[in-house]
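[1] Show me the folded form of this:
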Amino acid sequence: MIKQIALKLGNMRKAQDFIVYPESRDDGDKVLIQSDKRIAQIDTTTGEGLLSTGKGGHQGFMMLNSMSNPIKIKVDQATIDLITGAKPKSGDAIGAGVFLA
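    Coordinates of the predicted model:
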């Protein structure tokens, strides 16, 4: 089962269910989370991150580009712990019949 965490970040009015993407070797300490309406990238060491504006329909990776004017956010340590605890690990299901190697 895919883990979801309810978060309210930046200028969001209500909490939304986010999924946490698996670690990428290229991103270092940055983690990517996405809901139906928002996407965010957060640095787990500093707590600083970028949050999409929520405008323009489905929020994909391009909404974190500087040309899309993402919102700068600061996340507390409790939220960082919640996010890192929900990261998929080897053997976890990340989709229907899809498992992380």
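
[2] And the spatially most central residue of the chain, how far from Ser52?
    What sits nearest the mean C-alpha location of the chain, by Cα atoms, centre = their mean, is Ile33, with 1.2 Å. For Ile33, the distance to Ser52 (Cβ to Cβ, to the nearest Å) stands at 11 Å. The way it works is simple: take the backbone N, C-alpha and C, and place the C-beta from them, glycine included.

[3] can you pull the buried residues of stretch 11-28?
    12, 16, 18-21, 23 (16 or more other Cβ atoms under 10 Å).

[4] And stretch 67-78, by the same measure?
    For stretch 67-78, the buried set under the neighbour-count rule, 16+ other Cβ under 10 Å, comprises 70-71, 73, 75.

[5] Show the contacting residues for the residue nearest to the centre of the chain.
    5, 7, 18-21, 39-42, 83 (Cβ atoms under 8 Å, 6 or more residues apart in numbering).

[6] Pick out the most distant pair among those residues.
    Farthest pair in these (Cβ to Cβ) is Ile5 and Gln41. Separation: 15.4 Å.

[7] Neighbour count: these two, which is higher?
    Gln41 (20 against 17; other Cβ atoms under 10 Å).

[8] Quick check: that one is in a helix.
    No - Gln41: not assigned to a helix; according to DSSP: H, G, I helix; E, B strand; the rest coil it is strand.

[9] low pLDDT regions in the chain?
    Regions of the chain meeting the criterion pLDDT under 70 cover residues 1, 24-27, 57-58, 94-97, 99-101.

[10] let's see 90
    1-4, 11, 19-29, 36-37, 53-68, 85-101 (pLDDT under 90).

[11] Would you map the helices across it?
    Assigned by DSSP state H, the helices in the chain fall at 77-85.

[12] quick revisit: find residues that contact each of Ile33 and Ser52.
    Common neighbours of Ile33 and Ser52, using Cβ under 8 Å, 6+ apart, are 39-40.

[13] Could you check how far the residue nearest to the centre of the chain is from Met12?
    Separation of Ile33 from Met12 (Cβ to Cβ): 12 Å.

[14] All set, thanks.
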